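[1] Show me the folded form of this:
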Amino acid sequence: MTEEWQGWREAAQTALYGDEGFYRSPVRSPDGPAGHFRTSVHASPLFARAVAALLARTAAELGVGTVDLVDVGAGRGELLTGVLAAVPEGLEVIPYGVEVAARPPGLDPRIVWCAEPPRGVTGLLFANEWLDNVPVEVAEADGDGVARYVQVRCPDGAERPGPPVTGADAEWLERWWPLSSPGERAEIGLPRDLAWARAVGSLEAGFAVAVDYAHVRGRRPPFGTLTGFRGGREVHPVPDGSCDLTAHVALDACAAAVTRGVAELTDQRAALGRLGVSGDRPPLGLAASDPAGYLRALSAAGEAAELTARGGLGDFGWLLHRVGAGLR
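    Numbers count the residues shown, from 1 in each chain. Below you'll find the predicted structure:
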């Protein structure tokens, strides 16, 4: 750790992914990301079942019996484990977990653990809450409305204005998140655009899906979204390796960065609905004819309602890219 002033991208890169960073250190995060924040994967097994349904649909549209599944930002392999348990009989899956942390003990031996997405795969690449952890620069408009980089001091998270934003970062801001009024802030999403384009580029054919906290041009938050999480609680973002550092994703910019295939931007409520996840309560008549079945259905409906709730997980953005021939 350094006490020198740095841009947020450099500081967060070290704090999250350095040798003693939040995502690498078994001391800081012995339970992985699940010990600090709750994602859709942890909320309900219905999420993994929906991804399994999407994987099966992808295989059917491609006309293949063996399909690749690439989980980018795999954590401790929770999503892969759930999907492998839910895939329909007869479908052979080659699973990859992409993660900077070491392979967790006890993971299904079928899962290939790697630091980068494998290239030339055919199937489904799924990135759940990955892009929000790709470090980015933070910019703030000064008293004259000039966008300046925000510099941060790692030990305490103190900030100060840095030099004006220039070059490709300035072009990105002008197109995707223009600042004008003093005090307005933005996270410059260019590194995420490039990361997503590389991830989609690893697919030979299939679907690439990014699921994340998101916003689009015209509805950007005026003061940015950078924050921290530790032990299940939101905390002040300090780039000292002690907490997760996250900011919502400009998914519309990520979509525009990919020049191949067809992109669709929707929300989790709509996407999961198409995959059979519904929060509708089971009919009351089932309680009389099959009480145990009714309770199971009621529990599943409650979990589905959380995954699709307005103002909660249901508002997550889903960016889907169809790549290659044979996909409808």
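
[2] for the nearest residue to residue 5 once chain neighbours are set aside, what are its contacts?
    In space, and not counting its chain neighbours, residue 5 is closest to residue 151: 4.3 Å by Cβ to Cβ, 6 or more residues apart in numbering. The C-beta positions use only the backbone N, C-alpha and C, and glycine is treated the same way. By Cβ atoms under 8 Å, 6 or more residues apart in numbering, the residues touching residue 151 are 5, 6, 7, 8, 159, 160, 161, 162.

[3] hang on, the first one packs against residue 157?
    No - the pair formed by residue 5 and residue 157 falls short of the contact definition of Cβ atoms under 8 Å, at 11.7 Å.

[4] circling back to that earlier point, for the residue nearest to residue 5, list each beta-bridge partner.
    Applying DSSP bridges to residue 151 gives these bridge partners: residue 7, residue 160.

[5] can you tell me how far it sits from residue 134?
    19 Å (Cβ to Cβ, to the nearest Å).

[6] And the residue nearest to residue 5, what's its pLDDT?
    Looking at residue 151, its pLDDT reads 98.

[7] Please renumber the chain so that the first residue is 59 from this point on.
    Right, with 59 as the first residue, what we last looked at is residue 209.

[8] And it, how far from residue 257?
    For residue 209, the distance to residue 257 equals 29 Å [Cβ to Cβ].

[9] What is the burial count for residue 62?
    9 (other Cβ atoms under 10 Å).

[10] quick one: contacts for it?
    residue 211 are the contacts of residue 62 under Cβ under 8 Å, 6+ apart.

[11] Torsion angles phi and psi at it?
    phi -80, psi 160 (degrees, to the nearest 10).

[12] Next, work out how far apart it and residue 73 are.
    Distance from residue 62 to residue 73, by Cβ to Cβ: 14 Å.

[13] Then residue 162?
    22 Å.

[14] ok, these two, which is more surrounded?
    Taking other Cβ under 10 Å, residue 162 and residue 73 do not tie; residue 73 has more neighbours (27 against 16).

[15] For residue 223, see how far away that one is.
    Distance from residue 73 to residue 223, by Cβ to Cβ: 22 Å.

[16] swap in residue 181?
    39 Å.

[17] How are the strands of the stretch 109-258 of the chain distributed by residue range?
    124-130, 150-156, 170-172, 179-186, 195-199, 205-211, 217-222, 243-246 (DSSP state E, counting those that start in this stretch).
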